[in-house]
Structure formats: structure tokens, C-alpha cells
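Undergrad: Dropping the sequence and predicted coords here.
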Amino acid sequence: MLHSQSPRPGVIGFLMPDGTFDRVFSASDLDRLRSDPRVRLVADRPLHPELADDRARLGQVEVLVTGWGSPVLDEPLLRALPALRAVAHSAGSVRGIVTDALLERRVALTSSADANAVPVAEFTLAMVILAAKRTFWAADALRASRAPVDGERVWPTVGGNGITVGVVGASRIGRLVIERLSSLDVQVLVADPTLDHEQQLAVGVPCVPLEELAARSDIVTLHAPALPSTRHLVDRSLLQAMRPGTTVINTARGDLIDHEALADRLDRGDLVAILDVTSPEVLPPSSRLWSTPNTVITPHIAGSAGNELARLATNTVDEVLHLARTGTFRQPITLAALALQA
């Protein structure tokens, strides 16, 4: 929370690459900021700390708007921001820019993670439906054979009726996925060791240990953060626990899966992997996952892109105006929440 200072923070500056700014923010977003008398923009564009005039403007900024590609807010940069009281991040996780030096200043934080979660949840739901119908296998088989294909003779299950979908991580995206899965005739399980009893009840679906989820689910979808404790969360033993025909969907972070163990299981031909994220982000040409069967790799497209970026800008402007009006963000990031962000 902000200190009890007056007036409420309203001097706004953007700090992000020009390309990010141009992709995310539109003229109407700037007009909304300009039209509020409680807000003053120091510039209608991102500031560049290496420029003397912009460095002077940074010295006035109380609310810094950041985004993809923004510099780390370390001590040298913070010295150029003596008036800084809040950061509104126009993307998902703020972990890449937040430092101990920033936290020591007790600067208020918010992000557009909730807005960015929407397309990821939509993408995941689409992948669940397509995976249940064996869509990708059927398309590849048809292309290769130019003849009718029969998934019912190849796979243990085809179709979504009555299957079990396991959601790993009751994050904001995980919860949105659970909500959207309620429109399907599926059973949903969730595994998340950070939930207490009341939180488990609030999720609204059975909470089970990860090993049980892996053994019972037809589709396993990952929505956990990338932390030291979650690296290779999906390891060789967990993959071995999955039944033939299981699909693993990863729209979270590549480090959650042991790629070598996954490749070994995929080579058996009885597992499906839909990977929107990998580690590294673009796999090297030598990676086995390029050639393993039943493997779909997409280039990290689940998150906001194209016209979906407008949600991020709208959310950021809403947060900045709410801060200027009330002195607090609508969706502040607490230290506890920051520790669990991907």
C-alpha cells in the first residue's frame, strides 16, 4: 500500500520499448489519461533514461507504466525516479522487473495479469477440446495416408464426454480454465499444494495430489508458476504414471517439464504433448521434441496478441485512473502473490 501522502499520485510516465508501446497502447488510451484532471502525462511516448530531457521527466514520475521489455527497476534506475510511488505493468508477471530495491521503497504494484489470463484460458480450452477429439493426430494421419483414418481403433478414448481433465496449479489462469471447463461434460481435478482447506473448497472441484491427478486424468494442463520448487514438476516418474492416451498441455512455462523424460515417453507413441512454451523458448534444432510422435509445438501464442493487447492497455489505464482517484490500485500485487508469480 502507498504511504499516506497527498495528493494522490497522478504524474504518469511510460518506460518500455517503443515497439511494445506502439503494439499495446492506442491514441484512445492516451486520451483517457489526458481527459482526467487528476492525471498528468510527462510524455505521450515511452521515456528513454539515456536522454537528458527524458531523465529529467523521469524525476517527476509518480506512477510508472511498464510492459514487455521494460528495464529492471534496480537501484541505479530508481535513483532517477525519486518521486516514484507506483508501478502499473501492462503485461503479466512483474517478476522480471521487480527488485529488492523497489520493494524496499514500498512502491505499489499492479499488473494486467488478469487481462492476459483470458486468451491463455481460451487457448487452453480450445486445446482440451481438440485434444479430446484427437484432432492433431487425425490431421497428420490423413495428410500422410490420403485415406480415411479411424482414431477409435488407435486411441483408448476419442471425444470429450466424461473424460477427466487435470489442472495443475490453481493460478488465475488455472481458475479461469476450470470455469470454462464447466461448460463441458468432463470431470475436473486440480492439484496445487499451496491451497489451504478454504481455498480448496473455493476452487469448486476436487483437489488431489499431483501423482493422483496424473494417473486419473485423460488430459493434464499446466498452469503453475516457474519457481525453483516447480522446475521439472512433470518429471520422469510423473510421466510414467500417466495412462496411455493422456495428453499433456503446457501454456505456462517450459521449465515445468523435463524435456528429455517427455521425449522418452512420447517415443513410446502413447502420449500426446501440446507445448506452447518450451525451455529454451525456441528449442534448438537438435531437440528430440521436434521429431517425437504426437507432439504439437506452437510459438508461445496463448497469451495476448494482436487485438487482444487492447485488454492490457484498458486494464492498465483503469488501474492508473483508480489509483489517481482513490490512492490504491484495484488489483494490487501483494508480496505473497509476488512470490508465487511465474
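TA: Structure's in. What do you need? The model shown is predicted, which means the values in this text are computed figures rather than measured ones.
Undergrad: can you count the residues close to residue 22?
TA: Applying other Cβ atoms under 10 Å, we find 11 other residues in the vicinity of residue 22. For the C-beta atoms, the positions are set from N, CA and C on the backbone; glycine is no exception.
Undergrad: Mean confidence (pLDDT) on the strand or helix carrying it, please.
TA: Per DSSP states H and E, residue 22 falls inside helix 18-24. For helix 18-24, the mean pLDDT works out to 98.
Undergrad: Could you pull out the buried residues of that helix?
TA: 20-21, 23-24 (16 or more other Cβ atoms under 10 Å).
Undergrad: Show me which pair in those is furthest apart.
TA: By the measure Cβ to Cβ, 21 and 23 form the most distant pair in the buried residues of helix 18-24, at 7.4 Å.
Undergrad: Identify the residues contacting residue 304.
TA: The neighbours of residue 304, taking Cβ atoms under 8 Å, 6 or more residues apart in numbering as the test, are 115-116, 119, 311-312.
Undergrad: Then residue 84?
TA: Taking Cβ under 8 Å, 6+ apart, we find residue 84 in contact with 61-62, 64, 78, 105, 107.
Undergrad: how close does it sit to residue 263?
TA: From residue 84 across to residue 263, the span is 46 Å (Cβ to Cβ, to the nearest Å).
Undergrad: just residue 166 next, same as before
TA: In terms of Cβ to Cβ, residue 166 sits 21 Å off from residue 263.
Undergrad: Please list the members of the contacts of residue 304 that lie in helices.
TA: Counted as lying in helices by DSSP state H, out of the contacts of residue 304, are 115-116, 119, 311-312.
Undergrad: what would those residues look like in TSV with neighbour count?
TA: Formatted as TSV, the ones in helices among the contacts of residue 304 follow (neighbours: other Cβ atoms under 10 Å):
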residue	neighbour count
115	23
116	23
119	20
311	18
312	26
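Undergrad: hmm, back to that, for ChimeraX, write a command that selects the buried ones of the contacts of residue 84.
TA: To isolate the buried subset of the contacts of residue 84 in ChimeraX, counting by 16+ other Cβ under 10 Å, use the following:
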select :61,62,64,78,107
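Undergrad: what's the closest of the contacts of residue 84 to residue 243?
TA: Proximity of the contacts of residue 84 to residue 243 (Cβ to Cβ) peaks at residue 107, which lies at 48.1 Å.
Undergrad: Show the contacting residues for that closest one.
TA: For residue 107, the contacting residues are 84-87, by Cβ under 8 Å, 6+ apart.
Undergrad: Filter those down to the ones in strands?
TA: Residues of the contacts of residue 107 located in strands (DSSP state E): 86-87.
Undergrad: Residue 243: how many residues sit nearby?
TA: Residue 243 has 14 nearby residues by other Cβ under 10 Å.
Undergrad: Same question for residue 281.
TA: With neighbours defined by other Cβ under 10 Å, the count for residue 281 comes to 10.
Undergrad: Report the contact partners of it.
TA: Taking Cβ under 8 Å, 6+ apart, we find residue 281 in contact with 254, 300.
Undergrad: Is residue 44 inside a helix or a strand, and which specific one?
TA: Using DSSP H and E, residue 44 maps to strand 40-46.
Undergrad: brain fart, residue 202
TA: Secondary structure assignment for residue 202, by DSSP H and E: helix 197-203.
Undergrad: Could you do residue 240 as well?
TA: helix 236-241.
Undergrad: in this structure, which spans are strands?
TA: Applying DSSP E to the chain gives strands spanning 11-14, 40-46, 63-66, 86-89, 108-111, 164-168, 187-191, 219-222, 247-250, 272-275, 295-297.
Undergrad: Rebuild the ones you listed as a markdown table, extending it with mean pLDDT and distance to residue 72.
TA: Putting the strands of the chain into a markdown table (pLDDT from 0 to 100; distance: least, Cβ to Cβ, whole Å) gives the following:
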| stretch | mean pLDDT | distance to residue 72 |
| --- | --- | --- |
| strand 11-14 | 98 | 16 |
| strand 40-46 | 97 | 16 |
| strand 63-66 | 98 | 10 |
| strand 86-89 | 98 | 12 |
| strand 108-111 | 97 | 14 |
| strand 164-168 | 98 | 29 |
| strand 187-191 | 98 | 33 |
| strand 219-222 | 98 | 27 |
| strand 247-250 | 98 | 27 |
| strand 272-275 | 98 | 28 |
| strand 295-297 | 98 | 30 |
